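A.B. asks: Turn this into a structure:
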Amino acid sequence: MTALLTSAPPAELAELQRLIDTTPAPLEARVLCEVRVRDRVFPVHALTLGNPSPEAPAVGFFGGVHGLERIGAEVVIAYLRSLVSRLSWDASLHQQLEHVRLVFMPLVNPGGLWLGTRANPRGVDLMRNAPIDAVESVPFMVGGQRLSAGLPWYRGASGAPMESESAALCALVEQELLGRPLSIAIDCHSGFGVDDRLWFPYAHTRAPIPHLAEMHALSQIFANSHAHHRYVFEPQSLQYLTHGDLWDYLYRRALDTPASTFLPLTLEMGSWLWVKKNPRQIFTRYGIFNPLIAHRQQRVMRRHHALLDFFVRAAIGHARWLPRGPAREQHRADAMARWYAKVPA
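C.D. replies: This next block holds a predicted model:
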């Protein structure tokens with residue numbers, strides 16, 4: 001473990017700080033909390049662009065929840081870097097920003113990134129840390145455990161407050177995303193299979209979400225406008241269930257405002273494909289979860305840039321595709337046939 005540590009902050013955090021220091025308004029930045037790791041203190045940043053009106057739709061971009069999955073933070077930072085570089089010349093971007101709020105939390109777990117761990121410095125898996133329990137059986141350990149912080153997928157002690165990083169993410173989402181006519185969150189991860197998957201809630205139950213029709217409609221406009229994409233769009237429950245999922249927790253909070261629609265998604269980049277192409281990666285801690293060869297990393301950045309940009313356009317144009325009336329019923333029926341036909345009753 002100590003071999004992974006350096007005196008310098010993580011490169012991703014340094015890059016993020018450079019963007020903050022060199023980009024003038026309209027980019028706004030604030031520190032949500034600070035994380036202490038031994039004798040170091042790392043900030044957890046949030047950055048915003050665009051229309052702050054609660055009547056405007058919003059898109060949130062999140063990365064680095066798991067410290068080992070550097071590529072998630074790098075994808076979000078690369079997209080943010082592209083946007084801020086266009087601020088000086090791209091009139092169409094400024095027109096877009098009049099109609100949408102963009103929220104970035106690129107590095108949720110800087111302490112885990114510095115330590116080279118999935119969990120935060122206190123040993124807690126932030127994606128198992130929300131106060132929500134699965135109502136059906138979960139896989140042993142992977143679904144979240146309270147046995148020990150020394151074991152993976154630790155949820156934290158029963159009844160304890162959420163970790164500062166998890167609480168900061170939830171507070172940002174509640175402040176910036178929830179309550180709007182439409183908001184979308186995309187949380188970038190890696191490490192599941194060879195396919196790039198877009199997971200949506202629920203993770204704590206196999207029951208479909210109330211906004212299943214809207215999620216299906218979103219998947220359809222993406223498929224129709226990106227005919228050759230390779231993403232697998234599905235509820236997480238088709239793969240496995242977990243305790244403590246942050247997005248399940250926030251989605252259920254969003255249901256308290258029936259007039260708004262909140263659609264959270266998790267991008268699970270298929271890291272096994274990188275290992276398949278370069279088997280030596282399996283012998284390194286980071287190689288299991290990240291592309292280690294430069295041209296493959298650049299390819300990942302290019303591919304997912306188009307996906308993140310799609311969500312911005314979808315949010316701006318939500319009035320044209322969110323289903324209503326009979327169309328909504330048809331989308332729900334199609335979604336049930338597509339994703340839940342084989343789910344046990």
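
A.B. asks: how about the helix or strand bottoming out on mean pLDDT in the chain as PDB, C-alpha atoms only?
C.D. replies: Each helix and strand of the chain was given a mean pLDDT (mean pLDDT, DSSP states H and E); the minimum falls on helix 271-277 at a mean of 71. Extracted C-alpha coordinates of helix 271-277, given in PDB (Å, rounded to 0.1, in the frame of the first residue of the first chain):
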ATOM      1  CA  SER A 271     -12.700  -2.800 -17.700                       C
ATOM      2  CA  TRP A 272     -12.300  -6.500 -18.400                       C
ATOM      3  CA  LEU A 273     -12.000  -5.600 -22.100                       C
ATOM      4  CA  TRP A 274      -8.800  -3.600 -21.200                       C
ATOM      5  CA  VAL A 275      -7.400  -6.600 -19.300                       C
ATOM      6  CA  LYS A 276      -8.300  -8.900 -22.200                       C
ATOM      7  CA  LYS A 277      -6.300  -6.700 -24.600                       C
END
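
A.B. asks: Any idea how far it is from the middle of the chain?
C.D. replies: 21 Å (CA atoms, centre = their mean, to the nearest Å).

A.B. asks: Helix or strand next in line after it, which one?
C.D. replies: helix 294-316 (DSSP states H and E).

A.B. asks: For the next helix or strand after that following helix, name the packing helices and strands.
C.D. replies: Sequence-wise, the next helix or strand downstream of helix 294-316 (DSSP H and E) is helix 318-321. When contacts are defined as 3 or more CB pairs under 8 Å, 6 or more residues apart in numbering; DSSP states H and E, helix 318-321 packs onto helix 212-225. (Glycine included, C-beta is placed from N, CA and C.)

A.B. asks: Just the mean pLDDT for the helix or strand following the helix it packs on, thanks.
C.D. replies: Of the helices and strands lying after helix 212-225 in sequence (DSSP H and E), the nearest is strand 231-235. Here strand 231-235 scores 97 as its mean pLDDT.

A.B. asks: Give the buried residues for strand 231-235.
C.D. replies: Tyr231, Phe233, Glu234, Pro235 (16 or more other CB atoms under 10 Å).

A.B. asks: Can I get the residues you listed in JSON lines including distance to Val31?
C.D. replies: As requested, the buried residues of strand 231-235 are exported to JSON lines (distance: CB to CB, whole Å):
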{"residue": "Tyr231", "distance to Val31": "33"}
{"residue": "Phe233", "distance to Val31": "34"}
{"residue": "Glu234", "distance to Val31": "35"}
{"residue": "Pro235", "distance to Val31": "34"}
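
A.B. asks: between these, which is closest to Ala294?
C.D. replies: Tyr231 (23.7 Å; CB to CB).

A.B. asks: Let me see the contact set for that closest one.
C.D. replies: Listed by CB atoms under 8 Å, 6 or more residues apart in numbering, the contact set of Tyr231 reads Asp195, Asp196, Arg197, Leu198, Phe222, Leu307.

A.B. asks: Show me which pair in these is furthest apart.
C.D. replies: Asp195 and Phe222 (15.2 Å).

A.B. asks: out of these two, which sits in the more crowded spot?
C.D. replies: Phe222 (17 against 13; other CB atoms under 10 Å).

A.B. asks: I'd like the distance between the closest residue to that one other than its chain neighbours and His304.
C.D. replies: With sequence-adjacent residues excluded and distances taken as CB to CB, 6 or more residues apart in numbering, Phe222 is closest to Phe310, at 6.0 Å. Using CB to CB, to the nearest Å, Phe310 is found at 10 Å from His304.

A.B. asks: What does Thr205 show for phi and psi?
C.D. replies: The phi and psi torsions at Thr205 (degrees, to the nearest 10) take the values phi -160, psi 160.

A.B. asks: per-residue pLDDT, it?
C.D. replies: At Thr205, pLDDT is 98.
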